[in-house]
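Asks: Need coordinates for the below:
(2 chains)
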Amino acid sequence: MIRTHEAGSLRAEHAGQTVTLAGWVARRRDHGGVIFVDLRDASGIVQVVFREEDAHALRNEFCVKVTGEVRARPEGNDNPELATGAIEVAAAELAVLSEAAPLPLPVDDTITASDDLRLKYRYLDLRRSGPASALKLRSRANQIAREVLHARDFNEIETPTLTRSTPEGARDFLVPVRLQPGTWYALPQSPQLFKQLLMVAGMERYYQIARCYRDEDFRADRQPEFTQLDIEMSFVTQEDIIELGEELVSKLWGELAGYEVQLPIPRLTWTDAMNRYGSDKPDLRYGVELTELTSYLDGTEFRVFAGAIAAGGYVGAVVMPGGASQTRKELDGWQDWAKARGARGLAYVTLDASTGEPKGPVAKNLSEAHLSGLADAVGAKPGDAVFFAASAERREAQELLGAARIEIAKRAGLIDESAWAFCWVVDAPMFEKTSSDDGQESGWTAVHHPFTSPNEEWEGKFEEAPNKALAYAYDIVVNGNEIGGGSVRIHRGDVQKRVFDLLGITPEEAEDKFGFLLEAFKYGPPPHAGIALGWDRTCMLLSGNESIREVIAFPKTRGGYDPLTTAPTPITAQQRTEAGIDAKPKAAAAPGTDGVAAPVLPS
RNA sequence: GGUCCUGUGGAGCAGUUGGAGUGCUCGCCGCCCUGUCAAGGCGGAGGUCGCGGGUUCAAGUCCCGUCAGGACCGCCA
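Replies: Residues are numbered from 1 along each chain as shown, chains lettered A, B, ... in the order given. A predicted model of the protein is given here:
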């Protein structure tokens, strides 16, 4: 080792020892006859004192080695801000291991640079303690997950990242195959099918910290490649997976957030979550629940509401405490907010702070009876504002109110930023209607994925009311963020076939898309279930960050661009030819001939 | 695909009603300085105001386009 100690580890008890340190010049304070250098390595910072001129030439971020004696600081010179603040190192020898050019961004915990600059010089950005600690936290989170899972006899198994596309879902990233020009691998959106095959293989307990790829647009919590803690178990029920999920979050939050998760974590059904919070991932740090007014407002002459009610839809409301004191401009701002989400607007009534009298443009359209009972119906007090949404589509109106609920909490300052509110959302619907581009309803699609099992109640009859059928599917939610989700899988061929039939997937299509899984399921598949935790998002929350970029070593910008490597890049004509990008795939060759792999065909 | 915000020496910002590239903090270079810790003092260098076009006597400032970064909607089982 080049050094004998780590800079941040030195304490008063080291006084008198001669140590050799290696690290970077975090800061230099040159007083002429005495020069102080804050020496930083991964463990922290210690002050080194030089009496010799040679330290004069040191500059920020030079990489240096220093030998000297640890000693207590002179009386009154302690620095309580530093863990090593009671001592300093009196330098006897200095070696410059490498010099640093003037920095393109400051390596300083107190100053932030713009995102693209930080990413271009991510290796400098990560010398700062904040960004570095986020990655270290993630490392520890990985370790905690592995400890929990290995204690339960899980196997960590790697699955391919060059594979064929997972059916349905997001757009795939594609990789050309040189050996079979014109054919393509897909990068996996998740190891879903492989982990189910591992259950057929009798592995029983599988996990993987798995990289996944989806070619969709970015968000603060979305990158094109991301990581899941992916878990699958055989011979278990939904309860077993939920119990495991609770141990994981309990250990993670206990150690990394210093928060004791109260177990069991409360559960909401998907329908309750939508009815009460207008979201399938409700933020339970505050109340502000939705109220359905479909029956209350029955018979109203206000066309917006009457139309929704007549169409068998939904009218509901959410209350903004103190919202009546908003200016006209702020209230108008809600209309723009609603329109930005694709809604026509957000009807509102304000209740006069002293009299409780309903006011606002919508109030004129409601009958005396409807107005007088409104405050009680929605639980509003004088001084509050009541926002309404109405639609023939229940879910659409509820989601608008749910989004309004979140916005209300932000604007009214109702969010306790220090709180952690966990819940499971269970009993998710199996199917939802699909509509083609012309708006015509065209059939059903799986809400989760087509291998999700109906629950016991619906297993025999989901075809009778696909819109009401419930699945053994569950999401774990914290503070309005979905951090994981999973389901019990179908393991019976007859049930799977009925699901495919409902989804309009013909046997030929099913064969073409995932024949290999159906083939496997012919050989005694065990009942199995699993869950995947969105690992970037989980680590982001644990580290108190607002973007998953902070817990990814070398993230990409919004356009899929990596400012550091400048990927993606064009390829040469030769690469293009070699990769077979423009080649037409050969006409279907006879299986097993001419170097063409034989597909696995079920009999 | 859509809406919105941002772009000014190396970094972070300010820049008023359209009136000379003006200012602030940090960094950088040189000098001074023996107890600082975001050290201090003196001096200096460094900018095609993202790019292109337009309006104007005059544009960092107003308009149009475009590029880049960010937030959100669509999308993401």
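Asks: ok, the most centrally placed residue in chain A - contacts?
Replies: Nearest residue to the geometric centre of chain A (C-alpha atoms, centre = their mean): residue A:537, 3.2 Å. Contacts here follow C-beta atoms under 8 Å, 6 or more residues apart in numbering; on that basis residue A:537 touches A:221, A:481, A:482, A:483, A:548. For glycine as for every other residue, the C-beta is placed from the backbone atoms N, C-alpha and C.
Asks: Residue A:150 now?
Replies: Contacts for residue A:150 were tallied using C-beta under 8 Å, 6+ apart; they are residue A:156.
Asks: Next, work out how far apart it and RNA strand B are.
Replies: 25 Å (C-beta to the nearest atom of the strand, to the nearest Å).
Asks: Surely that residue forms part of a helix?
Replies: Yes. Membership of residue A:150 in a helix is supported by DSSP: H, G, I helix; E, B strand; the rest coil.
Asks: So which residues on the stretch 501-603 of chain A come close to RNA strand B?
Replies: For the stretch 501-603 of chain A, the residues in contact with RNA strand B (C-beta under 7 Å from any atom of the strand) are A:547, A:557, A:558, A:559, A:561, A:563.
Asks: Just send these back as a markdown table, with neighbour count, pLDDT and secondary structure too.
Replies: Shown next, in a markdown table, are these (neighbours: other C-beta atoms under 10 Å; pLDDT from 0 to 100; DSSP: H, G, I helix; E, B strand; the rest coil):
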| residue | neighbour count | pLDDT | secondary structure |
| --- | --- | --- | --- |
| A:547 | 16 | 91 | coil |
| A:557 | 15 | 88 | coil |
| A:558 | 14 | 84 | coil |
| A:559 | 8 | 81 | coil |
| A:561 | 14 | 89 | coil |
| A:563 | 18 | 90 | coil |
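Asks: pLDDT (mean, whole number) over the helix or strand containing the residue nearest to the centre of chain A?
Replies: Assigned by DSSP states H and E, residue A:537 belongs to helix A:535-542. Averaged across helix A:535-542, the pLDDT comes to 96.
Asks: ok, which stretches of the stretch 201-350 of chain A are strands?
Replies: A:205-213, A:225-234, A:267-269, A:291-292, A:314-320, A:347-351 (DSSP state E, counting those that start in this stretch).
Asks: Repeat that for the stretch 51-200 of chain A.
Replies: For the stretch 51-200 of chain A, the strands defined by DSSP E, counting those that start in this stretch cover A:63-72, A:87-98, A:155-156, A:174-176, A:184-186.
Asks: nearest to residue A:119, of the strands of the stretch 201-350 of chain A?
Replies: Shortest separation from residue A:119 across the strands of the stretch 201-350 of chain A is recorded for strand A:225-234, at 14.7 Å, computed as C-beta to C-beta.
Asks: export that closest one as PDB, just CAs?
Replies: Output of strand A:225-234 as PDB, limited to C-alpha atoms (Å, rounded to 0.1, in the frame of the first residue of the first chain):
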ATOM      1  CA  GLU A 225     -31.200   1.400 -18.700                       C
ATOM      2  CA  PHE A 226     -32.200   0.800 -15.200                       C
ATOM      3  CA  THR A 227     -31.900  -1.800 -12.400                       C
ATOM      4  CA  GLN A 228     -34.400  -4.000 -10.700                       C
ATOM      5  CA  LEU A 229     -34.000  -6.200  -7.700                       C
ATOM      6  CA  ASP A 230     -35.800  -9.000  -9.400                       C
ATOM      7  CA  ILE A 231     -37.200 -11.900  -7.200                       C
ATOM      8  CA  GLU A 232     -39.200 -15.000  -8.000                       C
ATOM      9  CA  MET A 233     -40.200 -17.900  -5.700                       C
ATOM     10  CA  SER A 234     -41.900 -21.300  -6.100                       C
END
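Asks: how about residue A:176, what does it touch?
Replies: When contacts are counted by C-beta under 8 Å, 6+ apart, residue A:176 touches A:183, A:184, A:579, A:580, A:581.
Asks: Contact partners for the fourth one?
Replies: I take that to be residue A:580. A:176, A:177, A:178, A:180, A:181, A:182, A:183.
Asks: Could you pick out the buried ones from these?
Replies: A:176, A:177, A:180, A:181 (16 or more other C-beta atoms under 10 Å).
Asks: In helices, which of the contacts of residue A:176 appear?
Replies: residue A:579 (DSSP state H).
Asks: which among the contacts of residue A:176 gets closest to RNA strand B?
Replies: residue A:184 (18.4 Å; C-beta to the nearest atom of the strand).
Asks: Do you know the pLDDT at that closest one?
Replies: 91.
Asks: what do you get for the one 3 residues further on?
Replies: Turning to residue A:187, the model gives it a pLDDT of 94.
Asks: Now residue A:27: which helix or strand?
Replies: Going by DSSP H and E, residue A:27 is part of strand A:18-30.
Asks: What's the separation between the closest residue to residue A:108 other than its chain neighbours and RNA strand B?
Replies: Leaving aside its sequence neighbours, residue A:108 sits nearest to residue A:128 (C-beta to C-beta, 6 or more residues apart in numbering; 6.9 Å). Look at residue A:128 and RNA strand B: by C-beta to the nearest atom of the strand, they are 12 Å apart.
Asks: same check, this time on residue A:176
Replies: 23 Å.
Asks: Kindly report the same for residue A:431.
Replies: Residue A:431 is 10 Å from RNA strand B, by C-beta to the nearest atom of the strand.
Asks: Which residues lie in contact with that residue in this structure?
Replies: Taking C-beta under 8 Å, 6+ apart, one finds A:444, A:445, A:446, A:447, A:462, A:466, A:467, A:469, A:502, A:503 in contact with residue A:431.
Asks: Closest to residue A:333 out of those residues?
Replies: Of all these, residue A:333 sits closest to residue A:447, with 33.5 Å by C-beta to C-beta.
Asks: quick one: that closest one and residue A:429 touch, right?
Replies: Yes. Assessed by C-beta atoms under 8 Å, residue A:447 is found in contact with residue A:429 at 5.5 Å.
Asks: and these two? which has more neighbours close in?
Replies: More crowded of residue A:447 and residue A:429, by other C-beta atoms under 10 Å: residue A:429, with 21 against 17.
Asks: Got the phi and psi for that one?
Replies: Residue A:429 adopts backbone torsions of phi -70, psi 150, taken as degrees, to the nearest 10.
Asks: Relative to residue A:159, how far out is it?
Replies: Applying C-beta to C-beta, to the nearest Å, one obtains 29 Å for the distance of residue A:429 from residue A:159.
Asks: Residue A:68 now?
Replies: Distance from residue A:68 to residue A:159, by C-beta to C-beta: 52 Å.
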